[in-house]
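*Asks:* can't give you the sequence, but here's the structure:
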């Protein structure tokens, strides 16, 4: 049985909506206003990458590390686009 591909999310707001703002706050041990700030700024806190990426995968989603301000090597981006 093949796994369904993960649905790509493109904005910090989509990531927060997919998981739920309250759940994001809980998972990252941050106040709700921090999550609101991430949405407004369009960037998630880098320390939350592994936590939120795992939660997204469990829900059938994925998002680019660039939403967390993580630079992806150019060679990796080229291979991923192929």
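*Replies:* Perfect, I can see it now. All of these numbers come straight from a predicted model, not from anything done at the bench.

*Asks:* Only C-alpha atoms from now on, for both contacts and neighbour counts.
*Replies:* Will do.

*Asks:* which element is the closest residue to residue 32 other than its chain neighbours on?
*Replies:* Spatially, and ignoring its direct neighbours in sequence, residue 32 is nearest to residue 25 (5.5 Å; Cα to Cα, 6 or more residues apart in numbering). Residue 25 belongs to helix 21-28 when assigned by DSSP states H and E.

*Asks:* residues making contact with stretch 47-67?
*Replies:* Identification of contacts with stretch 47-67 by Cα atoms under 8 Å, 6 or more residues apart in numbering yields 5-12, 15, 18-19, 24, 27-28, 42-44, 68, 71-72.

*Asks:* Would you mind measuring from residue 34 to residue 73?
*Replies:* Using Cα to Cα, to the nearest Å, one obtains 28 Å as the distance from residue 34 to residue 73.

*Asks:* Mind checking which of these two has more residues around it?
*Replies:* Higher neighbour count among residue 34 and residue 73: residue 34, with 17 against 8, using other Cα atoms under 10 Å.

*Asks:* Three-state assignment for the more buried one, please.
*Replies:* helix (DSSP: H, G, I helix; E, B strand; the rest coil).

*Asks:* what sits against it?
*Replies:* residue 25.

*Asks:* ok, now how distant is it from residue 24?
*Replies:* Per Cα to Cα, residue 34 is found 10 Å from residue 24.
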